[in-house]
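[1] here are the coordinates; sequence isn't available:
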């Protein structure tokens, strides 16, 4: 069985856990001497030994550091339009599993929503943290507060999913620079918005001739990325 | 604006609609003489004119037939293990948007569920029908009752998503024969199950080094298919 993974603030020779994580160790019937994994959400992960287990706190002793085998060769950003309801939570969860290092929320012209509450943003960040644990990633993707699409900046390549586009993601994908994939809101991006992006160097790519829901497109596009083996 | 799409039993010179579809025409404020689209869920789609609109029924007159522009060059089957709760509905919905012609449910060794009730299967079929409308497909994917994995048969190529596999879907994908993509349950397929498939000619393909939830893997794999432009 894979060892239990514990999120810590930072990797240190001795790491003390608070009541919440400690309770979880009790639920799992772990005992002093058992091996666990620790990760900091920034890419560092290591083996650790449970050296002390009290009622409400526990101490872990750092073991061998592990390399971030679950990360893509270059950081992947998902830039996604604000969506209604719980759809963004589903998108963030899947994007985390699919290796995104960052989720940048966007305000677009045909917007399902124009802003996001502080509580909801916090919840998305919790979803990312939980999903990174479950998918055994050492990195928790950042979830960044929305910016207007026109103010989005990116490094490396940006791919925007656009109905009617003919370019294929895999034909343009090289892993020599960071990658951003961008998807629109339920009503789609406007032609003007897509043209503004391609003028700035973005590549409009196809996801086939069907109409995808706004919450399906990012998963499909990130799926195409990871199917290359990264 | 795209014309309203109406599902009919079969394309015919005159097609009479029942109360339910007719009510929808009233809600949309359509009038006699307006253009609509008709589709039969089997791949046939055509233009049609609303030639009579009564309170509880309506008549459509067939126009020009359209080719199935939203269909893949060869039929795509998603073979997916039974999953708990509402996860299969999400998978069927996304698979429909992503062009699957068929969803074959599977009973696997590590099964989240070993059977599916008649009501639930019916609901999955309704989800497929609704999603085919929304994604503007003329074909509604069949949703087939579960078979044990060992009894699955397929035509053409079968790709099975497997953690640790090194082959890439896009390196093996040709559109000269039907395509089946297969994903497992929450606990994954057993090595024995995957070996039995590859012995029969299946190709085990990678979706990257992370652990994907059972409901994310099919969307990612079908996403990789459609990102080739089909």
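    All right, it came through fine. Since we're looking at a predicted model, the values are computed, not measured. Numbering: from 1, shown residues only, chains lettered A, B, ... in the order given.
[2] How about residue A:81: what's its closest non-neighbour residue?
    The spatial neighbour of residue A:81 that comes closest, neighbours along the chain excluded (CB to CB, 6 or more residues apart in numbering or on different chains), is residue A:185 at 3.8 Å. C-beta: built from backbone N, CA, C; applies to glycine.
[3] Near chain B, which residues of chain A are found?
    Within chain A, the residues that sit near chain B (CB under 8 Å from any CB of the partner chain) are A:69-70, A:72, A:93-94, A:97-99, A:134-137, A:166, A:168-170, A:205-213, A:216, A:219-224, A:226-230.
[4] The closest residue to residue A:44 other than its chain neighbours - how many residues pack around it?
    Across the structure, with CB to CB, 6+ apart as the measure, the residue nearest residue A:44 apart from its sequence neighbours is residue A:11 (5.2 Å). A total of 17 residues lie near residue A:11 under the criterion other CB atoms under 10 Å in any protein chain shown.
[5] Touching, residue A:11 and residue A:61? I think so.
    No. Taking contacts as CB atoms under 8 Å, residue A:11 lies outside contact range of residue A:61: 11.3 Å.
[6] what's the following helix or strand after the helix or strand of chain A with the lowest mean pLDDT?
    Every helix and strand in chain A was compared by mean pLDDT, DSSP states H and E; the lowest is strand A:5-7, with a mean of 87. In the C-terminal direction, the helix or strand that comes right after strand A:5-7 (DSSP states H and E) is strand A:14-17.
[7] could you give the mean pLDDT of that following strand?
    The average pLDDT for strand A:14-17 rounds to 92.
[8] ok, and what's touching the lengthiest helix in chain A?
    For chain A, the helix reaching the highest residue count under DSSP state H is reported as helix A:118-134. The set of residues that contact helix A:118-134 without belonging to it, under CB atoms under 8 Å, 6 or more residues apart in numbering or on different chains, is A:5, A:7, A:41, A:88-89, A:92-93, A:96-97, A:103, A:138-143, A:145, B:211, B:213.
[9] Among those, name the buried ones.
    Buried members of those, scored by 16 or more other CB atoms under 10 Å in any protein chain shown, are A:5, A:7, A:41, A:88-89, A:92-93, A:96-97, A:103, A:138-141, A:143, B:211, B:213.
[10] How about the contacts made by the one residue sitting closest to the centre of chain A?
    Central residue of chain A (CA atoms, centre = their mean): residue A:96, 3.3 Å from the mean position. By CB under 8 Å, 6+ apart, the contact list for residue A:96 reads A:127-128, A:131-132, A:135, A:137, A:140-141.
[11] Show me the domain layout of chain A.
    Chain A resolves into domains spanning A:5-66, A:76-227 when parsed by automatic domain parsing.
[12] Can you read off the pLDDT for residue A:69?
    In the predicted model, residue A:69 carries a pLDDT score of 63.
[13] Also residue A:152?
    With respect to pLDDT, residue A:152 scores 98.
[14] Distance of it relative to chain B?
    Distance check for residue A:152 against chain B: by CB to the nearest CB, to the nearest Å, it reads 22 Å.
[15] Please name the nearest non-neighbouring residue to that residue.
    Of all residues not flanking residue A:152 in the chain, residue A:79 sits nearest, at 6.1 Å (CB to CB, 6+ apart).
[16] That neighbour is in what secondary structure piece?
    Take DSSP H and E as the rule and residue A:79 turns out to sit in strand A:76-81.
[17] Pairing partners for that strand, with directions?
    Strand A:76-81 has the following sheet partners, assigned by DSSP bridges: strand A:102-107 (parallel), strand A:179-183 (parallel).
[18] Pipe the ones you listed into TSV and attach distance to residue A:18 and mean pLDDT per row.
    Rendered in TSV, the data for those read as follows (distance: least, CB to CB, whole Å; pLDDT from 0 to 100):
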stretch	distance to residue A:18	mean pLDDT
strand A:102-107	27	98
strand A:179-183	36	98
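[19] out of those, deepest packed?
    Highest mean neighbour count of the strands paired with strand A:76-81: strand A:179-183, a mean of 27 (counted as mean count of other CB atoms under 10 Å in any protein chain shown).
[20] Now the element after that one, going C-ward?
    helix A:191-199.
[21] Does that next one pack against any helices or strands, and if so which?
    Helix A:191-199 sits against strand A:157-161, strand A:203-205, with contacts defined as 3 or more CB pairs under 8 Å, 6 or more residues apart in numbering or on different chains; DSSP states H and E.
[22] and residue A:14, how many neighbours does it have?
    Residue A:14: 11 surrounding residues under other CB under 10 Å.
[23] I misspoke; the intended subject was residue A:200.
    Neighbourhood size, residue A:200 [other CB under 10 Å]: 12.
[24] For the nearest residue to residue A:168 once chain neighbours are set aside, give me the pLDDT.
    Leaving aside its chain neighbours, residue A:168 sits nearest to residue B:229 (5.4 Å; criterion: CB to CB, 6+ apart). Predicted confidence (pLDDT) at residue B:229: the value is 83.
[25] secondary structure class for residue B:229?
    Three-state call for residue B:229 (DSSP: H, G, I helix; E, B strand; the rest coil): coil.
[26] I figured it hits residue A:164, correct?
    No. Residue B:229 sits out of contact with residue A:164 when judged by CB under 8 Å, with a separation of 11.1 Å.
[27] between those two, which one's more packed in?
    The residue with more neighbours, out of residue B:229 and residue A:164 and counting by other CB under 10 Å, is residue B:229; that gives 17 against 9.
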